[in-house]
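Asker: Here is my input; please provide its structure:
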Amino acid sequence: VDNNHRCLTEVLPDRSKRTLSKFFESIPLSERSNVRFVTIDMWQPYKDVALKYLPNVTVSVDNFHVVKELCLCFTKFRVQIMNNCVYGSPEYYLLKHWHKLLETDEYDLDYNNPGKYNGFFRMNMNYRDLYNLLLDLNPNLTLAYQLKEKYRIFNRDATEDNCQQLFDDLVKEFTAAQLPCYEEFLTSLKNWRTEILNSFKRPYKEKKQSNALAENMNGRIKTMIGVANGYGNFERFRARALYCFNDRLMYSLTQHIYPRNKREFKPRGKYQKNQTSFTTSELDIIEDDPIFSD
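Answerer: Prediction:
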């Protein structure tokens, strides 16, 4: 994708290392040497290909994917605890219906929240009351929640200067907690440490590095595929995707696709439309057609 013009520039048939390598080999080395930063998700072939074909690149991991994996681990842990609770119990009710208090920032716990009558507990309760009850259910759930929030705060507030020390301290806390739900996430933190720290660099207009536009474009392409009930021809699918998601391209009846603003055509002059004429045989066919019989 083109981040400046926010449009699609190329579509590849898959994300395998072989396909990516073939694509980058088609680009001259002089052009590839100009690339300074690449932002990816935690997919190893992306990193391998970037380091191999972009000699001056710094690879970063979009922190969105790191936080997404963290929240997914916490959600699985919450569901596991809920399934071990008695159905219909207060613990099950809280984890089933009010888990968003621990998973999102949608609810403001204190501001303009007088509370309302809760039918399950048969008393007036606000978000803060329900939030406190959730944290009192299980000490491991509380610890997992606190670690999750610490990482989210680190991801939001850390800078290029202090991110390394804060990150290492967080890894120590996750390790000391010994929570099975975070073992996979902790492994990702250790394996992708350098790339996660690189993401706090802001080389372009003081903006945090992100591949959000590429992810957004992937979603739009999936919607296009769903509307079309799939495509059997990749080249036609690629051409349609480029045409639909790139305003700088225009349709042409020739084999070439011209940028919209590349050529300036002269205004069309006065002209007369050609009159339609038929041969005698064609008129006979039309007269015999039952559609035109009246």
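
Asker: which stretches of the stretch 1-150 of the chain form helices?
Answerer: Secondary structure of the stretch 1-150 of the chain (DSSP state H, counting those that start in this stretch): helices at 17-25, 29-32, 44-53, 63-83, 90-97, 100-103, 127-135, 139-157.

Asker: how about the CA coordinates for the last one, as CSV?
Answerer: Right, the one you point to is helix 139-157. Provided in CSV are the C-alpha atoms of helix 139-157 (Å, rounded to 0.1, in the frame of the first residue of the first chain):
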residue,chain,number,x,y,z
PRO,A,139,-6.1,-13.9,42.5
ASN,A,140,-4.5,-15.2,39.3
LEU,A,141,-7.1,-13.4,37.2
THR,A,142,-6.4,-10.2,39.0
LEU,A,143,-2.6,-10.7,38.5
ALA,A,144,-3.2,-11.5,34.8
TYR,A,145,-5.3,-8.3,34.4
GLN,A,146,-2.7,-6.1,36.2
LEU,A,147,0.1,-7.4,33.9
LYS,A,148,-2.1,-6.9,30.8
GLU,A,149,-2.8,-3.3,31.8
LYS,A,150,0.9,-2.6,32.6
TYR,A,151,1.9,-3.7,29.1
ARG,A,152,-0.9,-1.5,27.6
ILE,A,153,0.3,1.5,29.5
PHE,A,154,3.9,0.8,28.4
ASN,A,155,2.8,0.5,24.8
ARG,A,156,1.0,3.8,25.0
ASP,A,157,3.4,5.9,27.0
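
Asker: chain center to that helix: distance?
Answerer: What separates the centre of helix 139-157 from the centre of its chain is 22 Å, taken as CA atoms, centre = their mean, to the nearest Å.

Asker: Who are the packing partners of it?
Answerer: With contacts defined as 3 or more CB pairs under 8 Å, 6 or more residues apart in numbering; DSSP states H and E, helix 139-157 has these neighbours: helix 63-83, helix 127-135, helix 163-177. Every residue, glycine included, has its C-beta placed from N, CA and C.

Asker: export the ones you listed to JSON lines and tack on distance to Glu184, mean neighbour count and mean pLDDT?
Answerer: Listed next are the helices and strands packed on helix 139-157 as JSON lines, based on distance: least, CB to CB, whole Å; neighbours: other CB atoms under 10 Å; pLDDT from 0 to 100:
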{"stretch": "helix 63-83", "distance to Glu184": "7", "mean neighbour count": "17", "mean pLDDT": "94"}
{"stretch": "helix 127-135", "distance to Glu184": "24", "mean neighbour count": "16", "mean pLDDT": "92"}
{"stretch": "helix 163-177", "distance to Glu184": "11", "mean neighbour count": "15", "mean pLDDT": "95"}
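
Asker: okay, those helices in CSV with distance to Ser21 next?
Answerer: CSV is the format used below for these (distance: least, CB to CB, whole Å):
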stretch, distance to Ser21
helix 63-83, 23
helix 127-135, 49
helix 163-177, 31
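
Asker: between those helices, which one is nearest to Met224?
Answerer: helix 63-83 (22.8 Å; CB to CB).

Asker: can you give me the angle that closest one makes with helix 139-157?
Answerer: 170 degrees (axes from the mean of the first three to the mean of the last three CA atoms, to 10 degrees).

Asker: from what I can see Thr142 touches Leu133, true?
Answerer: No - in this structure, Thr142 is not within contact of Leu133 by CB atoms under 8 Å, at 11.5 Å.
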